[in-house]
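Colleague: coords please:
(4 chains)
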Number of protein chains: 2
Amino acid sequence: MVNLDSVNDKQHMSKKSIQTEPRKLDRRVVRTRKMLAAALLELMQEKNFDEITITDITERADMNRATFYLHYGTKEELLYKSLEERFDKLVQSIEKSMATPESGYIWEESTYDRLVFEHVAENVDLYKVILDQNGMGAIIHRIIDYIAAVAYRTAIEQVPDEFKPQIPIEIISRHVAGSMFSLLVWWIRNDLPYSPTEMARMCHQLVSFGCAPEFMRPNA
Amino acid sequence: MVNLDSVNDKQHMSKKSIQTEPRKLDRRVVRTRKMLAAALLELMQEKNFDEITITDITERADMNRATFYLHYGTKEELLYKSLEERFDKLVQSIEKSMATPESGYIWEESTYDRLVFEHVAENVDLYKVILDQNGMGAIIHRIIDYIAAVAYRTAIEQVPDEFKPQIPIEIISRHVAGSMFSLLVWWIRNDLPYSPTEMARMCHQLVSFGCAPEFMRPNA
DNA sequence: TATTTAAACGACACAATGTTGATAATTCAA
DNA sequence: TTGAATTATCAACATTGTGTCGTTTAAATA
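Modeller: As a prediction, this is how the structure comes out:
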């Protein structure tokens, strides 16, 4: 079981936390929650998450509004539970794969990566809907998109044709933007523990030459 | 001028779009908008963006609620405008720096990276507040955090002590997570143009060995 | 079947929204 | 500096969503 709440659990403090009993669930409970989740997912394909009201959800699920509050405190809670359920499957398959020692060093093959991409492919509908939301998430996308655009332009302009890589430049630019963005977030959240220059150096190093240790590199 | 709206402009369709005249602005207008932006930023340090009401903002700014609607349709619109302003400064400095040809190849030094990190350092207050919001953005953080956690554990377990890199493992794990996340997002938004296996291969390649072309690598 | 548990229903006070028309205060430009 | 134009203020309004009741009806469990 993965606790997705580790980062942020203000949701539980919001109004009232509904405890999920480890006991066997009443059939009606299972049914109700399933329908609420389905209704929310449906609505999220029609409009933004913020614009969806609890009234919307319960109406779509054809149930009384009060019933919602018997299970969840907020719509966020409902969404997170749906996510968690699917995410757990990925985590389990990864844990299982990593437990087998014959899987070798992680740098020798990309089993782990493949599992992740396969999981996402199996759950595109959910992830697509989540990523297309435009709350705070939209801002994150905008920032990454801009960094990627600059990286793309740079690659086109500065890399000689005879050295154009086998990997599409479009993908490379996302790699550059993603790595940098992630470092930026870490840096900000940890109150800037290094200087901008140091961060820039490490970022440049990682993005350009990767993170594999020396003994793993082909030319070492 | 960078158009941050390129990704997402539902905000303008929401209720009513207030056109910003290219004309010289009335002093009162400038003053009002500045105060609204300040009030919002202040409130965002106290609670989540979603929990902030327009009533909150106008009360904090000591002005009538109706005045808000004379300038913005939603609070999102107000936030985006504030962001855009600061972001433009970064973009301008980058553009300027890249325009000078003597800056050399991007892989030779990390001027570009440094500019980005410096810009963020100068605007931590704003970015910190934005990143700490927990709307849809929180889910993105959770996903990245989990990937990073797995990467961290892997590095600790699988890299022999004598090859521990000079870059902190904490940072390396963010690099891994960020790059992969970014590729995932691109992949999803482009309707899975490659197979999971292909994506995994490219992801693994980029993360582990970087994106610098051969002629730039030290051992080539 | 009897008992327990969940859902439905109607109602409630409360808070935020978006808009309005009239009034007061500023700013701009002639 | 004055007059016209613009902007902010204020009070009020109908509307919508929220969270929480107590009661009644229906369903699942043991």
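
Colleague: helix or strand for the most centrally placed residue in chain A, which one?
Modeller: Nearest residue to the geometric centre of chain A (CA atoms, centre = their mean): residue A:127, 8.1 Å. Taking DSSP states H and E as the criterion, the element that holds residue A:127 is helix A:124-131.

Colleague: Can you give the distance from that helix to the centre of its chain?
Modeller: Between the centre of helix A:124-131 and the centre of its host chain there is 10 Å, according to CA atoms, centre = their mean, to the nearest Å.

Colleague: got the CA coordinates for the following helix or strand past that helix in PDB?
Modeller: Moving toward the C-terminus from helix A:124-131, the first helix or strand encountered (DSSP H and E) is helix A:136-158. Only the C-alpha atoms of helix A:136-158 are listed here, as PDB (Å, rounded to 0.1, in the frame of the first residue of the first chain):
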ATOM      1  CA  MET A 136      -2.600  25.000 -10.400                       C
ATOM      2  CA  GLY A 137      -1.500  22.100 -12.600                       C
ATOM      3  CA  ALA A 138      -1.900  24.200 -15.700                       C
ATOM      4  CA  ILE A 139       0.800  26.600 -14.500                       C
ATOM      5  CA  ILE A 140       3.200  23.700 -14.000                       C
ATOM      6  CA  HIS A 141       2.500  22.600 -17.600                       C
ATOM      7  CA  ARG A 142       3.100  26.100 -18.800                       C
ATOM      8  CA  ILE A 143       6.400  26.300 -17.200                       C
ATOM      9  CA  ILE A 144       7.600  23.000 -18.500                       C
ATOM     10  CA  ASP A 145       6.300  23.800 -21.900                       C
ATOM     11  CA  TYR A 146       8.300  26.900 -22.100                       C
ATOM     12  CA  ILE A 147      11.500  25.300 -20.900                       C
ATOM     13  CA  ALA A 148      11.000  22.600 -23.400                       C
ATOM     14  CA  ALA A 149      10.400  25.100 -26.200                       C
ATOM     15  CA  VAL A 150      13.700  26.800 -25.500                       C
ATOM     16  CA  ALA A 151      15.500  23.400 -25.400                       C
ATOM     17  CA  TYR A 152      13.900  22.400 -28.700                       C
ATOM     18  CA  ARG A 153      15.000  25.600 -30.400                       C
ATOM     19  CA  THR A 154      18.500  25.200 -29.000                       C
ATOM     20  CA  ALA A 155      18.900  21.700 -30.200                       C
ATOM     21  CA  ILE A 156      17.700  22.500 -33.700                       C
ATOM     22  CA  GLU A 157      20.000  25.500 -33.900                       C
ATOM     23  CA  GLN A 158      23.200  24.300 -32.200                       C
END
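
Colleague: Only the buried residues of helix A:136-158, if you could.
Modeller: Across helix A:136-158, burial judged by 16 or more other CB atoms under 10 Å in any protein chain shown covers A:136-148, A:150-152, A:154-155. Where you see a C-beta, it was placed from the backbone N, CA and C, and this is true even at glycine.

Colleague: Which elements pack onto that helix?
Modeller: If you count contacts as 3 or more CB pairs under 8 Å, 6 or more residues apart in numbering or on different chains; DSSP states H and E, helix A:136-158 packs onto helix A:124-131, helix A:169-189, helix B:75-99, helix B:111-122, helix B:136-158, helix B:169-189.

Colleague: what sits up against it?
Modeller: Contact with helix A:136-158 is made by A:130-131, A:169-170, A:172-174, A:176-178, A:180-181, B:2, B:4, B:6-8, B:49, B:80, B:83, B:87, B:91, B:94, B:98, B:105-107, B:112, B:116, B:130, B:133-140, B:182, B:185, as judged by CB atoms under 8 Å, 6 or more residues apart in numbering or on different chains.

Colleague: So how do I select the buried members of those in PyMOL?
Modeller: Selecting just the buried residues from those in PyMOL takes one command, with 16+ other CB under 10 Å as the test:
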select buried, (chain A and resi 130+131+169+172+173+174+176+177+178+180+181) or (chain B and resi 4+8+49+80+83+87+91+94+98+106+107+112+116+130+133+134+135+136+137+138+139+140+182+185)
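
Colleague: Surely the residue nearest to the centre of chain A is in contact with residue A:117?
Modeller: No: in terms of CB atoms under 8 Å, residue A:127 does not count as a neighbour of residue A:117; the distance is 11.5 Å.

Colleague: Can you check which residues contact both of the two?
Modeller: When contacts are counted by CB under 8 Å, 6+ apart, the set common to residue A:127 and residue A:117 consists of residue B:184.

Colleague: picking that back up, next, the contact list for the closest residue to the residue nearest to the centre of chain A other than its chain neighbours, please.
Modeller: Nearest in space to residue A:127, with sequence neighbours left out and distances taken as CB to CB, 6 or more residues apart in numbering or on different chains, is residue B:188 at 5.5 Å. Under the criterion of CB under 8 Å, 6+ apart, the neighbours of residue B:188 are A:120, A:124, A:127-128, A:131.

Colleague: So for residue A:52, what pLDDT did the model give?
Modeller: Taken from the predicted model, the pLDDT recorded for residue A:52 is 95.

Colleague: swap that for residue A:105, please
Modeller: In this prediction residue A:105 is given a pLDDT of 53.

Colleague: For the closest residue in space to residue A:65 that isn't next to it in sequence, the count of nearby residues, please.
Modeller: For residue A:65, ignoring the flanking residues on the chain, the nearest one in space by CB to CB, 6+ apart is residue A:58 at 4.6 Å. When neighbours are counted by other CB atoms under 10 Å in any protein chain shown, residue A:58 registers 19.

Colleague: Now residue A:58: which helix or strand?
Modeller: Following DSSP H and E, one finds residue A:58 within helix A:54-60.

Colleague: So is that helix next to DNA strand D?
Modeller: Yes: Helix A:54-60 reaches DNA strand D (CB under 7 Å from any atom of the strand) through A:54-56.

Colleague: Show me which of those are buried.
Modeller: Counted by 16+ other CB under 10 Å, the residues of helix A:54-60 next to DNA strand D give A:54, A:56 as buried.

Colleague: Between the residues of helix A:54-60 next to DNA strand D, which sits nearest residue A:73?
Modeller: If you rank the residues of helix A:54-60 next to DNA strand D by distance to residue A:73 using CB to CB, residue A:54 comes first, at 10.2 Å.

Colleague: how far out from the middle of the chain is stretch A:118-132?
Modeller: Stretch A:118-132 has its C-alpha centroid displaced from the chain centroid by 10 Å (CA atoms, centre = their mean).

Colleague: what's the answer for stretch A:74-93, then?
Modeller: With CA atoms, centre = their mean as the basis, the mean position of stretch A:74-93 lies at 11 Å from the chain mean.
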